[in-house]
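fold the following and give me the result.
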Amino acid sequence: MKYSDTVIIGAGPAGLSAAITCAKHGVKVTVIDEFIKPGGRLLGQLHEEKKDVWWNGIKEADALYEEALKHNVDIHLETSVYNIEKSDQWLTETSNGDWRSPCLLLATGAAESPLSLPGWTLPGVMSIGAAQVMTNVHRVKVGKKGVIIGINPLTMAIARELQLAGIEIQGIYFPPYDQNLKHSETPEQTLADMKRMAHLAPSPLLRFGSKLLSTKWMREKAIQYYPKKGFSIWGIPLHFNKGVTEITGEQKADGIFYSSIDPYGKLNTEEQFFLETDFVCMSGGLYPLAELAAIAGCPFYLIPELGGHVPLHNETMKTPIEKLFVAGNITGIESAKIAIVQGETAGLSITQALYGSSKGLDKQITDSIEKQRNTRKEALIQFHPAIQQGREKIQKLWRHYHTPLPT
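Alright, predicted model coming up:
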């Protein structure tokens, strides 16, 4: 049995940032991650934030890793956690031995929401995140030409990354719409969400045109009279008025069938078109990867604005379970920059839990929370349009959870 002052599960931006912060304050830190490299989702990220300013996730991950090693953080990769439990201390059971620690931080990140339609299990069909990792981390082309099903901020960023790797993206299409699924959006709703990314559009015409989509009526008309060939972004056709109905192939994916779709998600299946392709990416968005928080007994709430079910926590990244902390996408889907700041906040809160409050440490925590808010306000890409409302909801739930019942 090994001992550490705090165990951090997840070596992504939140976990590494928290580890660095803890170590700087004299905390003995152990970081555990199942992947072969540290960095989490940072490893696949490569996008232009504004003209000639690029976010290179691999470089950011390397910088965090080197900083962590400089401060003697104990990092264990290729190590799976299969159980956590609390007695007088936290017990973390892994494929590489067990640890005891007074504090535990869950920085497990996010997973992709699947999309299902006929043919989605064929070889050559993959999640958009898998394509990103294969391309940017392993330097393997997923194919010569292919399509993406699903329109969201993640799609747009990764489509550009695949294109820069020399892969032809034949088009981005709408997925099948299911009115029974709460996470399923109509083309009109998706267009409203994507309008928030207009400042990143590669042409002045697209940036200007997006300003005309401020009302629901204008968005409905835009989809109704959308060009048959779609709008081209970086030379990639973007189809808000076409939905994929089937992926075809015998041994592997070799094409798609698609139909026109109205602003409310209704497909015109009487008229179908075929496009030959050699791979298909599915993009259903991300949700918090929070199973370990459930094992720990942390209460959960469904908050769509944060991407799904999230463990209850406050702005200092504490949960209602004693000395259990969370940071990063487990708390809601946002950018890596926000995850890094949340990790910093969690690291300070862990230090406070171990060593007690002090005027200087309390101020650092307050400043870090304010840094979270400012980073969120300045974020160029938001995965969910009402992220701030989601954050306010979870804080309201936290206050309600800790309000004593009347006697």
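
contacts and neighbour counts: CA atoms only from here.
Fine.

how far away is W90 from H25?
According to Cα to Cα, to the nearest Å, W90 and H25 sit 21 Å apart.

neighbour count for the two, which is higher?
Neighbours per residue, other Cα atoms under 10 Å: of W90 and H25, the larger number sits with W90, 21 against 15.

residues in contact with the helix or strand where I169 lies?
Per DSSP states H and E: I169 is located in strand 168-174. Identification of contacts with strand 168-174 by Cα atoms under 8 Å, 6 or more residues apart in numbering yields 144-151, 159, 162-163, 187, 236-244.

pull the CA atoms of that strand into CSV?
Provided in CSV are the C-alpha atoms of strand 168-174 (Å, rounded to 0.1, in the frame of the first residue of the first chain):
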residue,chain,number,x,y,z
GLU,A,168,-10.6,15.5,-47.7
ILE,A,169,-13.8,16.3,-45.8
GLN,A,170,-16.6,15.9,-48.3
GLY,A,171,-19.2,17.5,-46.1
ILE,A,172,-20.6,17.9,-42.6
TYR,A,173,-24.2,16.7,-42.3
PHE,A,174,-27.0,16.8,-39.8
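
parallel or antiparallel, which strands does that strand pair with?
strand 145-149 (parallel), strand 236-248 (parallel) (DSSP bridges).

mind telling me which of the ones you listed the model trusts least?
When the strands paired with strand 168-174 are ranked by mean pLDDT, strand 236-248 comes last with a mean of 90.

tell me which other helices or strands the helix or strand following that one touches.
Later in the chain than strand 236-248, the nearest helix or strand by DSSP H and E is strand 255-260. With contacts taken as 3 or more Cα pairs under 8 Å, 6 or more residues apart in numbering; DSSP states H and E, strand 255-260 sits against strand 236-248, strand 273-276.

now the strands paired with strand 168-174 in CSV, with mean neighbour count and distance to F300?
Shown next, in CSV, are the strands paired with strand 168-174 (neighbours: other Cα atoms under 10 Å; distance: least, Cα to Cα, whole Å):
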stretch, mean neighbour count, distance to F300
strand 145-149, 23, 30
strand 236-248, 23, 34
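
would you tell me what the next helix or strand after whichever strand or helix holds L105 is?
Following DSSP H and E, one finds L105 within strand 103-106. The element immediately downstream of strand 103-106 (helix or strand, assigned by DSSP H and E) is strand 110-112.

just the residues contacting that following strand, thanks.
Under the contact criterion Cα under 8 Å, 6+ apart, strand 110-112 has outside partners S127, G129, S283, G284, G285, L286, Y287, P288, L289, N329, I330, I333.

switch to 7 Å and redo it
Residues from elsewhere that reach strand 110-112, judged by Cα atoms under 7 Å, 6 or more residues apart in numbering: G284, G285, L286, Y287, P288, L289, N329, I330.

rounded mean pLDDT for the helix or strand following it, please.
Following strand 110-112 in sequence order, the next helix or strand is strand 125-127 (DSSP H and E). Here strand 125-127 scores 95 as its mean pLDDT.

what is strand 125-127 packed up against?
Using 3 or more Cα pairs under 7 Å, 6 or more residues apart in numbering; DSSP states H and E, the elements in contact with strand 125-127 are strand 279-282.

tell me how far whichever helix or strand comes after the strand it packs on lies from the chain's centre.
Following strand 279-282 in sequence order, the next helix or strand is strand 286-288 (DSSP H and E). Averaging C-alpha positions (Cα atoms, centre = their mean, to the nearest Å) puts strand 286-288 6 Å from its chain's average.

contact partners of the helix or strand just after strand 286-288?
Downstream of strand 286-288, the next assigned helix or strand under DSSP H and E is helix 291-295. Residues from elsewhere that reach helix 291-295 (Cα under 7 Å, 6+ apart): I84, P311.

return the set of buried residues in helix 291-295.
L292, A293 (16 or more other Cα atoms under 10 Å).

which is the next helix or strand following that helix?
strand 300-303.

paired strands for that next one, with orientation please.
strand 308-311 (antiparallel).

flag every buried residue along the strand it pairs with.
The neighbour-count check on strand 308-311 (16+ other Cα under 10 Å) flags G308, H309, V310, P311 as buried.

how about these in a markdown table, adding pLDDT?
Output for the buried residues of strand 308-311, formatted as a markdown table (pLDDT from 0 to 100):
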| residue | pLDDT |
| --- | --- |
| G308 | 92 |
| H309 | 95 |
| V310 | 97 |
| P311 | 97 |
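
what's the closest of these to Q251?
Nearest to Q251 out of the buried residues of strand 308-311 is G308 (Cα to Cα; 34.8 Å).

and K28, how many residues sit next to it?
K28 has 19 neighbours, counted by other Cα under 10 Å.

need the contact list for it.
Contacts of K28 (Cα under 7 Å, 6+ apart): S4, D5, T6.

spatially nearest residue to the last one, not counting backbone neighbours?
In space, and not counting its chain neighbours, T6 is closest to C103: 4.6 Å by Cα to Cα, 6 or more residues apart in numbering.

tell me which stretches of the stretch 301-407 of the chain form strands.
308-311, 324-326 (DSSP state E, counting those that start in this stretch).
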